[in-house]
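Enquirer: how would this look folded up:
(2 chains)
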There are 2 protein chains.
Amino acid sequence: MSDFSTIAVSTRVRLARNIEGYPFPSHLKDDRQAKDIIRLVTSGLARYTDFKIHYMDLISEEEALSLKENHLISPNLMRSNRCSAALINNEGSISVMINEEDHLREQCIVKGLDLRLAYDTMSEIDAHISKSMKFAYDEQFGYLTACPTNLGTGLRASVMLFLPALTINGMMPRVIKSVSRMGLTVRGIYGEGSRAEGYVYQISNEVTLGVTEEQILSEVQEIVEKVCKLELSEREELKNGVDALDIRDECMRAYGILTNCAKLSTEELVRYAACVKLGACLGYIHIKDVTEIDELTRNMRPSNINAASGKDLSPVERDVYRAQYTAKCLKKLAERK
Amino acid sequence: MSDFSTIAVSTRVRLARNIEGYPFPSHLKDDRQAKDIIRLVTSGLARYTDFKIHYMDLISEEEALSLKENHLISPNLMRSNRCSAALINNEGSISVMINEEDHLREQCIVKGLDLRLAYDTMSEIDAHISKSMKFAYDEQFGYLTACPTNLGTGLRASVMLFLPALTINGMMPRVIKSVSRMGLTVRGIYGEGSRAEGYVYQISNEVTLGVTEEQILSEVQEIVEKVCKLELSEREELKNGVDALDIRDECMRAYGILTNCAKLSTEELVRYAACVKLGACLGYIHIKDVTEIDELTRNMRPSNINAASGKDLSPVERDVYRAQYTAKCLKKLAERK
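Expert: A predicted model of the protein is given here:
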């Protein structure tokens, strides 16, 4: 297997589950039922002591935003005004949303391309939860879900890919078309309907019914690998093509701006960090582990900055903090060789 | 006297002279007369061995462009297809143009604000030239010139000023108005009709008739000092105003771009170097002697790059060379504290 560490940002596995005897969340009769479900799931996960519960009607908007920015709760859950919650582990890699579209939305995110690890981790927890409740399951269909698109396995396996070369070379429309012909979907990083930010796309399975979990995982793996290989060969094209100097210049200027600016918005950081990452991938900027750039971008999201600084900074103060931290961090990354 | 070294880029003194017995250049009968004049002036300057003659009909376009870019010949002289020439000293500070608008256009450029030095230098040479020919001179009017705007002293004293704060704070229209009410003119750096590039303006006397040379010099000195003081106080405003962070950010990003880009056009260098210079003036970037930034911009003009590299580079090669040299030079300047 080739090294896709400069392409695959993260892997996410999500399982949709519902509890027998309760209507789907959108049809719950009253808050009592919703609260029952939260209680059930919480006690089902009691063995896992590193999980903390976040009640959506109790947490601050700031906290909710932070969880959303870190992909630990969905925009839907954040917006919901019903009794809903999320159980999240300390590491921030596993989240069980309660009363989102389904009673349970269990997800695990791992770095890089590792469907096996993400699935096995989630699957083990899922099996444990299932011991203390009966999931709605049909012999013919499999797991029953609120939306038929999740019926069957309830499994969504998705991989975030950094695809600057395919984007710049104008090949993404073709890639998206052929990936969807193979039954997978390409989306922006905040899920359905969102735009690709910083050359990052999410590839996930579309079909959940009539296939086994293993089939889904191996299909996603196979297609992601194909796209990664295409991206790698396009990067070579980029390095040797007529626009090579322009691209190098853009990457280097982005590095210059990020290491010198006095203020920096989130959008600018995402845009310029993507250029710096591309520059590192093409060998123009000496950063050994480009995933640290993703880490930087993550750390510099508004809510994460507030958490790190320990203060509720104003937008301008945050932009100044982001500029200083980014410059320091990037310079350090570029020093190590 | 305050320190205007971060404002006054250079001082230029120019004397317009014509030789008795010859029509003005635009009315010369034939090339023979024009050549006579070139010979006369050349022999008049023979004592000054560090002068070299450049015949406009013999030098390459490249050389002519270089002289123009360095303000040693006028755009007019460059374009002229008549027998014209320029005597230029090795240092590149003194130039005597022959058969431009007048038979002689003698000019001396010095760094910073030093009207005395520029005038005395030029005046001494002018006195020497006048020994070997008779200048067209009228008891009532003074020196006779092709254009009445130069009549009398034939003296144009001009100072190039770096006025970023007055420009950014939107005060230049007012400054230009009041300077012109005092009988002086504000122009872009390539003379009449040219735009201000990189916040640099040229202030010069308008009136040449009915005043003495000393009056002109002291008037220009006085008004330039006033504008400089205004600029200095506006810089303080800039540092403490509501836009201080935006300006600091712009200066820092310009520095980041110039020290990291892979290619750089002349226009970009002029624009970003002006921001870096402003950043240095405001104390955001630690460059002790900001005039070295002017030096850098000068050295990186297309013709000067070709001269320095010893090759006739293509525009793209020149942009790459400019980017590399600029980055190296600026980093060195910012290191010394």
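Enquirer: tell me which element A:Y119 is part of?
Expert: Under the criterion of DSSP states H and E, A:Y119 resides in helix A:115-131.
Enquirer: how about the CA coordinates for that helix, as CSV?
Expert: Listed next in CSV are the C-alpha coordinates belonging to helix A:115-131 (Å, rounded to 0.1, in the frame of the first residue of the first chain):
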residue,chain,number,x,y,z
LEU,A,115,-11.3,2.1,8.3
ARG,A,116,-10.5,-1.0,10.2
LEU,A,117,-9.5,0.8,13.4
ALA,A,118,-12.5,3.1,13.3
TYR,A,119,-14.9,0.4,12.6
ASP,A,120,-13.6,-2.1,15.2
THR,A,121,-13.5,0.6,17.9
MET,A,122,-17.1,1.6,17.2
SER,A,123,-18.3,-1.9,16.7
GLU,A,124,-17.0,-3.0,20.0
ILE,A,125,-18.8,-0.2,21.8
ASP,A,126,-21.9,-0.8,19.8
ALA,A,127,-21.9,-4.5,20.8
HIS,A,128,-21.6,-3.5,24.4
ILE,A,129,-24.5,-1.0,24.2
SER,A,130,-26.7,-3.5,22.5
LYS,A,131,-26.4,-5.8,25.6
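Enquirer: got the contact list for the following helix or strand past that helix?
Expert: Using DSSP H and E, the helix or strand that follows helix A:115-131 in sequence is strand A:137-138. Contacts of strand A:137-138 with the rest of the structure, by CB atoms under 8 Å, 6 or more residues apart in numbering or on different chains, involve A:20, A:143-144. For the C-beta atoms, the positions are set from N, CA and C on the backbone; glycine is no exception.
Enquirer: strand A:137-138 pairs with which strands?
Expert: The strands beside strand A:137-138 in its sheet (DSSP bridges) come out as strand A:142-143 (antiparallel).
Enquirer: now the partner strand: how far from the chain's centre is it?
Expert: On the basis of CA atoms, centre = their mean, to the nearest Å, the separation between the geometric centre of strand A:142-143 and that of its chain is 25 Å.
Enquirer: partner strands of the next helix-or-strand element following it, with direction?
Expert: Scanning forward in sequence from strand A:142-143 by DSSP H and E, the next helix or strand is strand A:155-162. Sheet neighbours of strand A:155-162, with direction, are listed as strand A:8-17 (antiparallel), strand A:200-205 (antiparallel) (DSSP bridges).
Enquirer: touching strand A:155-162 from outside, list them.
Expert: Counting by CB under 8 Å, 6+ apart, the neighbours of strand A:155-162 from elsewhere in the structure are A:6-16, A:113, A:115, A:118-119, A:150, A:189, A:198-205, A:208, A:213, A:216-217, A:220, A:224, A:227-228, A:231, A:274, A:277.
Enquirer: what average pLDDT does the longest helix along chain A get?
Expert: Identified as the longest helix of chain A according to DSSP state H is helix A:213-240. This predicted structure assigns helix A:213-240 an average pLDDT of 96.
Enquirer: thinking again about what came up before, which among the contacts of strand A:137-138 count as buried?
Expert: Neighbour-count burial (16 or more other CB atoms under 10 Å in any protein chain shown) is assigned, among the contacts of strand A:137-138, to A:143-144.
Enquirer: looking at the contacts of strand A:137-138, which one is closest to chain B?
Expert: In terms of CB to the nearest CB, no member of those lies closer to chain B than A:Y143, at 52.2 Å.
Enquirer: and the pLDDT at the closest residue to the closest one other than its chain neighbours?
Expert: On the basis of CB to CB, 6 or more residues apart in numbering or on different chains, the spatially nearest residue to A:Y143 that is not a chain neighbour turns out to be A:G154, at 4.1 Å. Per-residue confidence (pLDDT) for A:G154: 94.
Enquirer: give me the ChimeraX select line for the contacts of strand A:155-162, limited to the buried ones.
Expert: Buried residues within these, by 16+ other CB under 10 Å, are selected in ChimeraX with:
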select /A:6,7,8,9,10,11,12,13,14,15,16,113,115,118,119,150,189,198,199,200,201,202,203,204,205,208,213,216,217,220,224,227,228,231,274,277
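Enquirer: buried stuff in stretch A:158-177?
Expert: Using 16+ other CB under 10 Å as the test for burial, stretch A:158-177 gives A:158-169, A:171-172, A:175-176.
Enquirer: between the residues you listed, which is nearest A:T297?
Expert: When these are compared for distance to A:T297 (CB to CB), A:F162 wins out at 11.1 Å.
Enquirer: need the strands for chain A, in chain order.
Expert: With strands called from DSSP state E, chain A shows them at A:8-17, A:51-55, A:85-89, A:94-98, A:104-111, A:137-138, A:142-143, A:155-162, A:184-187, A:200-205.
Enquirer: up against chain B, what does the stretch 101-250 of chain A have?
Expert: Taking CB under 8 Å from any CB of the partner chain as the criterion, the stretch 101-250 of chain A approaches chain B at residues A:245-246, A:248-249.
Enquirer: the least confident helix or strand in chain A by mean pLDDT packs against which elements?
Expert: For chain A, the helix or strand with the lowest mean confidence is helix A:302-309, at a mean of 82 (criterion: mean pLDDT, DSSP states H and E). Secondary-structure packing of helix A:302-309 (3 or more CB pairs under 8 Å, 6 or more residues apart in numbering or on different chains; DSSP states H and E): helix A:61-69, helix A:291-299, helix A:315-335.
Enquirer: so what does the first one touch, helix or strand wise?
Expert: Under the contact definition 3+ CB pairs under 8 Å, 6+ apart, helix A:61-69 sits against helix A:75-79, helix A:302-309.
Enquirer: now for the first one, which elements pack on it?
Expert: Applying 3+ CB pairs under 8 Å, 6+ apart, we find helix A:75-79 packed against helix A:61-69.
Enquirer: which parts of the helix it packs on are buried?
Expert: Applying 16+ other CB under 10 Å to helix A:61-69 flags A:64-69 as buried.
Enquirer: what sits against the residue lying closest to A:R301 once chain neighbours are set aside?
Expert: Using CB to CB, 6+ apart and skipping the chain neighbours, the partner closest in space to A:R301 is A:E69 (4.5 Å). Each residue near A:E69 by CB under 8 Å, 6+ apart is listed here: A:301-304.
Enquirer: thinking again about what came up before, what's in contact with the helix holding A:Y119?
Expert: Taking CB under 8 Å, 6+ apart as the criterion, the residues outside helix A:115-131 that touch it are A:11-15, A:17, A:41, A:44-45, A:47-48, A:93-94, A:96, A:104, A:106-110, A:155, A:157, A:159, A:213, A:217, A:220-221.
Enquirer: now that helix: buried residues?
Expert: The neighbour-count criterion (16+ other CB under 10 Å) identifies A:115, A:117-119, A:121-123, A:125-126, A:129 as the buried residues of helix A:115-131.
Enquirer: can I get those residues in JSON lines including pLDDT?
Expert: Supplementary listing: the buried residues of helix A:115-131 in JSON lines, determined by pLDDT from 0 to 100:
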{"residue": "A:L115", "pLDDT": "97"}
{"residue": "A:L117", "pLDDT": "97"}
{"residue": "A:A118", "pLDDT": "97"}
{"residue": "A:Y119", "pLDDT": "98"}
{"residue": "A:T121", "pLDDT": "97"}
{"residue": "A:M122", "pLDDT": "96"}
{"residue": "A:S123", "pLDDT": "96"}
{"residue": "A:I125", "pLDDT": "95"}
{"residue": "A:D126", "pLDDT": "95"}
{"residue": "A:I129", "pLDDT": "94"}
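Enquirer: any idea which of those residues is closest to A:R82?
Expert: Nearest to A:R82, judged by CB to CB, of those is A:I129 at 20.7 Å.
Enquirer: what is the neighbour count of the nearest residue in space to A:R248 that is not next to it in sequence?
Expert: Once flanking residues are discounted, A:R248 sits nearest to B:A262: 4.5 Å by CB to CB, 6+ apart. B:A262 sits with 21 neighbouring residues when counted by other CB atoms under 10 Å in any protein chain shown.
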